[in-house]
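A.B. asks: Sharing a model prediction with you, sequence too.
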Amino acid sequence: MDPEAARLERQHVHQVYETTAPYFSDLQSKAWPRVRQFLQDQKPGSLIADIGCGTGKYLKVNSQVHSLGCDYCGPLVEIARNRGCEVMVCDNLNLPFRDQGFDAIISIGGKAASPHDHTLP
């Protein structure tokens, strides 16, 4: 990524999330119905990733699957961790997962990443 673009992203995106993260617990809304249904339709034992998981809203929708979340924002990951979710801090554009390691992946409201292509056009 261009150094200037990276600086602007840190300043206008990442710092805003880190500053507002404590308020996300209070603003936690219900899971979107279609996303909830997609997660509930996954086979028991499936491995699901939520890339850009935020506070972990979708990580506990289906207790029959194993869900792993990641987000760039440490304070949001900490909120999810405190809720009992398995989460980690990582950059969505440089995921630490091997290709085709998940049965399903969601990325809601953030930069999408695919296990087949870890870069965006």
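C.D. replies: Thanks, I have it. Residues are numbered from 1 along each chain as shown.

A.B. asks: Show me the shaky parts of the chain.
C.D. replies: Scanning the chain for pLDDT under 70 picks out the ranges 1, 6, 8-29, 110-121.

A.B. asks: could you redo the last one with a cut-off of 90?
C.D. replies: 1-32, 92-93, 108-121 (pLDDT under 90).

A.B. asks: Can you tell me the closest non-neighbouring residue to Met88?
C.D. replies: Cys70 (5.0 Å; CB to CB, 6 or more residues apart in numbering). Any C-beta I mention is one placed from the backbone N, CA and C, and that applies to glycine too.

A.B. asks: now do Gly56
C.D. replies: That would be Ala80: by CB to CB, 6+ apart, it lies 3.1 Å from Gly56.

A.B. asks: Show me what the helix or strand containing the one you found packs onto, helices and strands only.
C.D. replies: Ala80 is part of helix 74-82 when elements are defined by DSSP states H and E. Helix 74-82 sits against helix 15-24, strand 66-71, strand 87-89, with contacts defined as 3 or more CB pairs under 8 Å, 6 or more residues apart in numbering; DSSP states H and E.

A.B. asks: can you tell me how far Asp103 sits from Ala5?
C.D. replies: 33 Å (CB to CB, to the nearest Å).

A.B. asks: what about these two, which has more around it?
C.D. replies: Asp103 (14 against 9; other CB atoms under 10 Å).

A.B. asks: Give the full set of residues in contact with the residue lying closest to the more buried one once chain neighbours are set aside.
C.D. replies: Closest residue to Asp103 apart from its sequence neighbours, by CB to CB, 6+ apart: Ser46 at 3.9 Å. By CB atoms under 8 Å, 6 or more residues apart in numbering, the residues touching Ser46 are Val65, His66, Asp103, Ala104.
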